[in-house]
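Student: just the structure for this:
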Amino acid sequence: MNTRQMRKHCTLDDAGKRLVQQAMDDLGLSARAHDRILRVARTIADLEGSEGIRTEHVIEAIGYRSLDRKLWAK
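Tutor: Numbering: from 1, shown residues only. All right, here's what the predicted structure looks like:
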């Protein structure tokens, strides 16, 4: 998914934006990680048949990112 597609398909509400920003600050994530979280959240929303990305999708995507970082840190 390129940048234009991400802007179109991975829009977040205010709560979702705050969650991603907090995760970036707390976990020290990069812009690349930000985009990955959005892509994963979009995938989770698609699997649930949801038209938009909801807060719970963002939380789940951040959880996967945190898990990924823990596994690679070993």
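Student: mind listing what His57 touches?
Tutor: When contacts are counted by C-beta atoms under 8 Å, 6 or more residues apart in numbering, His57 touches Gly16, Ala41, Arg42, Ile44, Ala45, Glu48, Ser50. Any C-beta I mention is one placed from the backbone N, CA and C, and that applies to glycine too.
Student: per-residue pLDDT of the first one, please?
Tutor: Read that as Gly16. You'll see Gly16 listed with a pLDDT of 93.
Student: contacts for the host helix or strand of it next, please.
Tutor: Gly16 is located in helix 14-27, with elements delineated by DSSP states H and E. Applying C-beta under 8 Å, 6+ apart, the contact partners of helix 14-27 are 12, 29, 33-34, 37-38, 41, 53-55, 57-59, 62, 65-66, 69.
Student: please repeat the previous calculation with a cut-off of 6 Å.
Tutor: His34, Ile37, Thr55, Val58, Ile62 (C-beta atoms under 6 Å, 6 or more residues apart in numbering).
Student: make a PyMOL selection of the buried ones in those.
Tutor: Applying 16 or more other C-beta atoms under 10 Å to the contacts of helix 14-27, the buried members can be selected in PyMOL as follows:
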select buried, resi 37+58+62
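Student: show me the contacts of helix 14-27 that map onto helices.
Tutor: Counting by DSSP state H, the contacts of helix 14-27 place His34, Ile37, Thr55, Val58, Ile62 in helices.
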